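**Student:** build me a structure from this.
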Amino acid sequence: QVQLIESGGGLVQAGDSLRLSCAASGRTFSTYAMGWFRQAPGKEREFVAAIGDSTYNSDSVKGRFTISRDNAKNTVYLQMNSLKPEDTAVYYCAARRGIVVFTVSGEYDYWGQGTQVTVSS
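**Tutor:** From the prediction side, this is the model:
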């Protein structure tokens with residue numbers, strides 16, 4: 001069992017930056033692919049970025065968001081720059097066994113509770 005705890009969300013203005021963190025329990029963190037998803041009110045959960053044997057970002061955040069991980073700290077990060085109001089959502093961290101990255105939420109085995117990001121215009 002893997003527990004994921006997100007942090008770093010908040011209220012910012014358009015153009016600002018935020019860094020989300022996701023701390024994972026367990027001693028096999030390096031063997032998991034990690035992903036970030038987000039869900040805005042009234043919308044479906046959507047893929048943002050993932051890291052494993054490769055990294056992959058959605059087109060909507062490419063060039064603005066960067067996913068990274070520190071296996072020594074069991075932590076995955078999402079650096080978000082040039083934030084836009086449409087980035088407003090609850091951001092979720094997810095983990096899946098194996099290092100192949102997927103963009104589909106159903107492929108992930110564990111989820112955090114989410115952290116709210118609100119970008120004002």
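**Student:** identify the bridge partners of the most centrally placed residue in the chain.
**Tutor:** Nearest to the mean C-alpha position of the chain, by C-alpha atoms, centre = their mean, lies residue 36 at 2.4 Å. Using DSSP bridges, the beta-bridge partners of residue 36 come out as residue 49, residue 93.
**Student:** what does residue 76 give?
**Tutor:** Residue 76 has these beta-bridge partners by DSSP bridges: residue 22, residue 69.
**Student:** that one reaches residue 49, doesn't it?
**Tutor:** No. Counting by C-beta atoms under 8 Å, residue 76 sits too far from residue 49 to count as a contact (9.4 Å). For the C-beta atoms, the positions are set from N, CA and C on the backbone; glycine is no exception.
**Student:** of those two, who's got more company?
**Tutor:** residue 76 (29 against 25; other C-beta atoms under 10 Å).
**Student:** and for residue 76 and residue 49, which residues touch both?
**Tutor:** 36, 67 (C-beta atoms under 8 Å, 6 or more residues apart in numbering).
**Student:** low-confidence ranges, the protein, go.
**Tutor:** Within the chain, not a single segment meets pLDDT under 70.
**Student:** which stretches in it count as strands?
**Tutor:** Counting by DSSP state E, the chain has strands at residues 4-7, 10-13, 18-24, 32-39, 46-51, 55-57, 65-70, 75-80, 89-97, 110-111, 115-120.
**Student:** who wins for proximity to residue 103 among these?
**Tutor:** Nearest of the strands of the chain to residue 103, taken as C-beta to C-beta: strand 46-51 at 4.2 Å.
**Student:** for that closest one, which positions count as buried?
**Tutor:** 47-51 (16 or more other C-beta atoms under 10 Å).
**Student:** would you put the C-alpha positions of it in PDB?
**Tutor:** Taking C-alpha atoms only, strand 46-51 is exported to PDB below (Å, rounded to 0.1, in the frame of the first residue of the first chain):
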ATOM      1  CA  GLU A  46      -7.700  15.200 -16.700                       C
ATOM      2  CA  PHE A  47      -4.100  14.200 -17.100                       C
ATOM      3  CA  VAL A  48      -1.400  16.800 -16.400                       C
ATOM      4  CA  ALA A  49       2.000  15.200 -16.300                       C
ATOM      5  CA  ALA A  50       3.700  11.900 -15.500                       C
ATOM      6  CA  ILE A  51       7.200  10.600 -14.800                       C
END
